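Sharing a model that was predicted from the sequence below.
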Amino acid sequence: MADKKFKSGFVAILGRPNVGKSTIMNHLVGMKIAAVSKRAQTTRKKIQTVYTDDRGQIIFLDTPGVNKAETKLGEFMLDAAVDSLKTADIIMWIVEPSTFIGTGERLIAEMIGKTVRGLRKKNEKRVDGSINCPVILVVNKSDTADDSRITETFNTYNSYMQENEEFGFDEMISVSATETTNLDKLMQRVFDFLPEGPMYYDEDTITDETEREIAAEYIREKCLRNLDKEIPHGIAVIVDKMKTRPNGSLVDIDATIICERESHKGIIIGKNGSMLKRIGIEARRDIENMLEMKVNLKLWVKVRPGWRDKTLYLDEYGYKK
């Protein structure tokens, strides 16, 4: 670890909702930290994870899916994505195999363009000769497209960036997070671009998220996966208590699921408590795997109308600017 060529830095992971940002990050660090589902707004705040080996240390910044903000929570999520760019050594933009560049992609391109132009204007070259803040285009879900489709995606996005943001990508690579295809290659390219630097975290550190925060993410993920339609967008999860029993036999966890309407509360609880029980069983399994201990998980449901637009509630539920 004392090698002069030890590399380190921060990698901001951007993309519109549901392109697989969190899945890729979880696989790269080798542990499930961020919640994963097919729902928009699965990731709501910047989640920091750490990967360390003999080559160096990468701090990944998983950001919320970039989209137009319609609530104060949406503004918080967009700010989290923008803030991650300001501290990034590398920007990793995740897209799907497609030649259609929609509103979300154009917004991300503009965000990246402003950041990279500003950084390159201040410092055209790093000490080691590499360019400032390389941008990697990662086409995920390569298992759903043939080689020609992937090539078309590369060309479309690179041409768009050159025409609108005045620079192209420093690397383009296709991966499949679900099949774990090319993830080792992606990791190596990140290390290739990183500057030499210090070890920011102990080599055993995987995330700066607390166990409480990860447990809350697991519970919210199970809500996202089991509930229908618009309900998941109005859900937050707070871990009220997390305490290991004196004899070390298990961990008692009390958590509250916050929703916006009384009708949603009934759906979350389900007939005779069936839905809440299912969420609890699935979440407990993940939490036990994380803690490597038995868990006694108790869930409650509370209604807080319009909490996504109320600063006091946002601060209380962990979405504090």
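On my side now, so go ahead.

Helices along the stretch 101-250 of the chain, start to end?
Taking DSSP state H, counting those that start in this stretch, the helices of the stretch 101-250 of the chain run over residues 103-122, 147-164, 183-193, 211-226.

most neighbours per residue, which of these?
Highest mean neighbour count of the helices of the stretch 101-250 of the chain: helix 211-226, a mean of 22 (counted as mean count of other CB atoms under 10 Å). Every residue, glycine included, has its C-beta placed from N, CA and C.

for that one, packing partners?
Under the contact criterion of 3 or more CB pairs under 8 Å, 6 or more residues apart in numbering; DSSP states H and E, helix 211-226 touches strand 236-244, strand 250-259, helix 274-291.

and Asp143, which of those is closest to it?
Judged by CB to CB, the one of the helices and strands packed on helix 211-226 that comes nearest to Asp143 is helix 274-291, at 24.8 Å.

Just the element for Ser98, please.
Counting by DSSP states H and E, no helix or strand carries Ser98.

for this structure, which spans come out with low pLDDT?
1-4, 32, 34-46, 64-82, 118-131, 229-230, 232, 319-321 (pLDDT under 70).

Okay, the residue nearest the centre of it and Glu179: tell me how far apart.
Using CA atoms, centre = their mean, the residue of the chain that lies closest to the mean C-alpha position is Asp62, 3.3 Å off. Noted for Asp62: a distance of 20 Å to Glu179, by CB to CB, to the nearest Å.

Over to Val50?
For Val50 relative to Glu179 (CB to CB), the value is 24 Å.

do Asn26 as well
14 Å.

Have a look at the two and say which one is more surrounded.
Asn26 (21 against 11; other CB atoms under 10 Å).

The more buried one contacts Ile47, doesn't it?
No. Using CB atoms under 8 Å, Asn26 makes no contact with Ile47, being 9.8 Å away.

returning to what we had before: hmm, the residue nearest to the centre of the chain is touching Leu28, no?
No. In this structure, Asp62 is not within contact of Leu28 by CB under 8 Å, at 10.1 Å.

Give me the distance between the two termini of stretch 255-272.
Chord length of stretch 255-272, first to last residue, is 19 Å (CA to CA, to the nearest Å).

I'd like the numbering to begin with 53 instead of 1 from here.
Done: numbering now begins at 53, and the last item shifts to stretch 307-324.

So what touches that stretch?
The list of residues contacting stretch 307-324 from outside it, by CB atoms under 8 Å, 6 or more residues apart in numbering, reads 267-268, 271, 275, 279-280, 283, 286-292, 327-331, 349-360, 365, 369.

do that again at 6 Å, thanks
Here stretch 307-324 makes contact (CB atoms under 6 Å, 6 or more residues apart in numbering) with 271, 283, 286-292, 328, 351-357.

Turn the buried ones among those into a named ChimeraX selection, would you?
To isolate the buried members of the contacts of stretch 307-324 in ChimeraX, using 16 or more other CB atoms under 10 Å:
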select :271,283,286,287,288,289,290,291,328,351,353,356
